[in-house]
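K.L.:
this one's structure only:
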């Protein structure tokens with residue numbers, strides 16, 4: 001018999017097994033109607049050229065207690081730690097998938113299922129002990145709590161696995177968040193937007209989490225204003241969570257920079273949309289977002305220092321006795337939060353509950369109807385938003401032909417807001433026109449970053465007691481400032497002449 005598709009709705013947590021007893025104590029607070037332990041052996045299949053992945057299909061065979069079930073999972077979505085995706089399950093008698101057992105409409109019309117099955121090979125396995133509890137909640141809701149511990153294994157090696165999954169079996173999704181909020185109080189527990197399968201594919205491909213720059217939100221012109229808000233907020237949250245994973249795995253400091261960019265992106269979009277959606281300002285997660293801004297704002301100063309020290313302080317090479325300032329910068333860096341302090345934030349109950357609250361709010365917003373907002377198209381809204389912020393910059397930059405350096409620094413926040421607004425709406429416009437426009441203003445932003453580097457040196461120079469050395473520092477600074485200001489003024493004039501890409 002062909003089974004109907006199920007829509008799997010789960011919340012996933014990464015967990016530390018040393019707190020297993022605390023997990024059991026939390027679950028014991030609920031009424032659970034069954035509990036069991038199982039050993040699950042799972043093998044994921046694809047072809048050598050990854051035909052299934054290209055179709056956004058995941059294929060797994062699971063063995064448990066002498067029984068085998070094959071599962072297909074189609075492309076779904078992950079918001080925060082909530083995973084929603086279509087799933088199809090069929091029993092089999094052997095170890096290999098039998099694709100003809102699945103309903104035909106899963107596959108593209110042109111797909112030759114027999115030929116595809118003949119090319120399948122095992123890519124990786126996930127083997128773990130699973131302990132489950134079936135919780136009976138209010139609103140006639142059933143939730144399965146699964147605690148998994150084991151390994152993901154490929155030809156490239158293996159990585160440990162320790163997760164908690166909350167699955168909505170039936171009923172009200174809000175009850176899923178009630179349990180999740182309780183789980184989030186456990187030490188070193190993090191929401192995960194990466195599935196076991198995704199980690200297995202990465203391990204099989206010998207890939208790792210690497211930081212990447214914040215990209216443009218994937219809006220399209222047919223979107224409602226509400227959906228564009230949902231898209232941009234999810235885009236920011238995804239960027240934060242991805243780089244959270246980067247940092248927790250390898251403590252890459254560039255990942256912290258990207259976490260802060262994602263936080264600022266969310267903050268900017270609140271400002272952009274708050275007049276259309278006043279509910280934004282009343283959201284329960286707003287205060288925690290401000291806490292995250294405060295918690296990671298220091299990363300920008302540390303990035304300035306890192307730029308000065310890059311390539312064995314190459315930037316400072318012509319500065320007399322540069323080792324003195326290198327030592328000073330290193331001392332400054334020692335005052336910033338260390339790796340453990342950053343890990344403590346990212347594994348804190350407050351951070352986990354921020355992600356949960358944010359995710360639940362997004363899901364609720366998706367269900368709401370906003371008739372006032374529906375009268376405005378995303379195209380009109382984006383054009384107005386871009387015009388307002390870039391017009392303010394242009395009016396300030398057109399103030400004089402030769403702006404002083406302080407003028408650029410005083411407007412740093414405005415530049416950042418405008419460039420973040422580009423990332424919110426830029427996908428709606430011609431890529432070449434957009435990039436040509438942005439490149440000139442990005443040059444100015446890079447110039448502002450260079451000013452900050454010079455300010456570090458200038459602050460150090462103020463406290464230099466040796467007169468001749470102080471004079472040398474000031475000469476070096478003057479040369480650098482003159483060259484930088486000249487470049488900034490040229491970029492300013494060129495940028496002012498460039499036609500706005502959103503009006504082309």
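P.N.:
Perfect, thanks for sending it. As the structure is a computational prediction, the values presented were derived from the model and not from experiment.
K.L.:
to which secondary structure element is residue 85 assigned?
P.N.:
Element membership for residue 85 (DSSP states H and E) is strand 82-92.
K.L.:
next secondary structure after that strand?
P.N.:
helix 113-118.
K.L.:
contact partners of that following helix?
P.N.:
With C-beta atoms under 8 Å, 6 or more residues apart in numbering as the test, helix 113-118 has contacts from 47, 51, 52, 97, 98, 99, 100, 107. Every C-beta, even on glycine, is put in place using the N, C-alpha and C of the backbone.
K.L.:
try it again with 10 Å
P.N.:
45-47, 51-52, 55, 57, 59, 96-100, 102, 104, 106-107, 112 (C-beta atoms under 10 Å, 6 or more residues apart in numbering).
K.L.:
just the buried residues of those residues.
P.N.:
Listed as buried from these are 45, 46, 47, 52, 57, 59, 97, 99, 102, 106, 107; burial here means 16 or more other C-beta atoms under 10 Å.
K.L.:
in JSON lines: those, plus pLDDT and distance to residue 184.
P.N.:
Output for the buried ones among the contacts of helix 113-118, formatted as JSON lines (pLDDT from 0 to 100; distance: C-beta to C-beta, whole Å):
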{"residue": "45", "pLDDT": "96", "distance to residue 184": "34"}
{"residue": "46", "pLDDT": "95", "distance to residue 184": "34"}
{"residue": "47", "pLDDT": "95", "distance to residue 184": "39"}
{"residue": "52", "pLDDT": "94", "distance to residue 184": "34"}
{"residue": "57", "pLDDT": "92", "distance to residue 184": "32"}
{"residue": "59", "pLDDT": "96", "distance to residue 184": "32"}
{"residue": "97", "pLDDT": "96", "distance to residue 184": "36"}
{"residue": "99", "pLDDT": "95", "distance to residue 184": "39"}
{"residue": "102", "pLDDT": "94", "distance to residue 184": "36"}
{"residue": "106", "pLDDT": "90", "distance to residue 184": "35"}
{"residue": "107", "pLDDT": "92", "distance to residue 184": "39"}
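K.L.:
centre of the chain versus stretch 120-128, how much separation?
P.N.:
Computed by C-alpha atoms, centre = their mean, to the nearest Å, the chain-centroid distance of stretch 120-128 equals 27 Å.
K.L.:
buried set for that stretch?
P.N.:
120, 123, 124, 125, 126, 127, 128.
K.L.:
does the fourth one count as helix, strand or coil?
P.N.:
Which is residue 125. strand (DSSP: H, G, I helix; E, B strand; the rest coil).
K.L.:
return the residues in contact with it.
P.N.:
41-44, 60-61, 150-154, 158, 200.
K.L.:
how about a cut-off of 7 Å?
P.N.:
Residues near residue 125 by C-beta atoms under 7 Å, 6 or more residues apart in numbering: 41, 42, 43, 153.
K.L.:
now it, which residues is it bridged with?
P.N.:
Beta bridges link residue 125 to residue 43, residue 153 when assigned by DSSP bridges.
K.L.:
residue 147 contacts residue 166, doesn't it?
P.N.:
No: applying C-beta atoms under 7 Å as the test, residue 147 and residue 166 come out as separate, 10.4 Å apart.
K.L.:
still on that earlier bit, possible to save the buried ones among the contacts of helix 113-118 as JSON lines with distance to residue 80?
P.N.:
Formatted as JSON lines, the buried ones among the contacts of helix 113-118 follow (distance: C-beta to C-beta, whole Å):
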{"residue": "45", "distance to residue 80": "29"}
{"residue": "46", "distance to residue 80": "28"}
{"residue": "47", "distance to residue 80": "32"}
{"residue": "52", "distance to residue 80": "26"}
{"residue": "57", "distance to residue 80": "24"}
{"residue": "59", "distance to residue 80": "26"}
{"residue": "97", "distance to residue 80": "31"}
{"residue": "99", "distance to residue 80": "33"}
{"residue": "102", "distance to residue 80": "30"}
{"residue": "106", "distance to residue 80": "27"}
{"residue": "107", "distance to residue 80": "31"}
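K.L.:
residue 233: which of those is nearest?
P.N.:
residue 57 (28.1 Å; C-beta to C-beta).
K.L.:
ok, now how distant is the closest one from residue 403?
P.N.:
56 Å (C-beta to C-beta, to the nearest Å).
K.L.:
also residue 242?
P.N.:
Counting by C-beta to C-beta, the gap from residue 242 to residue 403 is 37 Å.
K.L.:
then residue 176?
P.N.:
Here the criterion is C-beta to C-beta. By it, residue 176 lies 54 Å from residue 403.
K.L.:
so the two - more neighbours on which side?
P.N.:
Using other C-beta atoms under 10 Å as the criterion, residue 176 and residue 403 rank with residue 176 on top: 24 against 18.
K.L.:
so the more buried one sits right up against residue 145, yeah?
P.N.:
No: between residue 176 and residue 145 there is no contact under C-beta under 7 Å: 10.3 Å.
K.L.:
give me the common contacts of the two.
P.N.:
residue 166.
K.L.:
average pLDDT for the helix or strand containing residue 358?
P.N.:
If you go by DSSP H and E, residue 358 is part of helix 349-367. Throughout helix 349-367, pLDDT has a mean value of 93.
K.L.:
what's the angle between it and strand 82-92?
P.N.:
80 degrees (axes from the mean of the first three to the mean of the last three C-alpha atoms, to 10 degrees).
K.L.:
chain center to helix 349-367: distance?
P.N.:
With C-alpha atoms, centre = their mean, you get 14 Å for helix 349-367.
K.L.:
ok, stretch 450-458 next?
P.N.:
The answer for stretch 450-458 is 30 Å, by C-alpha atoms, centre = their mean.
K.L.:
neighbouring contacts of it?
P.N.:
Contacts for stretch 450-458 (C-beta under 7 Å, 6+ apart): 304-305, 307-308, 315, 325, 329, 405, 408-409, 473, 477, 480-481, 484.
K.L.:
and which of those residues is nearest residue 391?
P.N.:
residue 408 (18.0 Å).
K.L.:
pLDDT weak spots in the stretch 401-504 of the chain?
P.N.:
401 (pLDDT under 70).
K.L.:
for it, which segments count as helices?
P.N.:
Secondary structure of the stretch 401-504 of the chain (DSSP state H, counting those that start in this stretch): helices at 405-410, 412-425, 431-462, 467-497.
K.L.:
now, of these, which is deepest in the fold?
P.N.:
Each of the helices of the stretch 401-504 of the chain was scored by mean neighbour count; the highest is helix 412-425, a mean of 19, by mean count of other C-beta atoms under 10 Å.
K.L.:
re the thing from before, check which helices and strands the helix holding residue 358 is in contact with.
P.N.:
strand 77-79, helix 173-183, strand 190-191, helix 225-250, helix 286-296 (3 or more C-beta pairs under 7 Å, 6 or more residues apart in numbering; DSSP states H and E).
K.L.:
what's the angle from it to helix 225-250?
P.N.:
Using the same axes, to 10 degrees: helix 349-367 against helix 225-250 is 150 degrees.
K.L.:
which of the residues in helix 349-367 are buried?
P.N.:
Buried-residue list, helix 349-367, by 16+ other C-beta under 10 Å: 351-363, 365.
K.L.:
could I get the residues you listed as CSV with distance to residue 380?
P.N.:
As requested, these are exported to CSV (distance: C-beta to C-beta, whole Å):
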residue, distance to residue 380
351, 36
352, 38
353, 36
354, 32
355, 32
356, 34
357, 31
358, 27
359, 29
360, 30
361, 26
362, 24
363, 27
365, 21
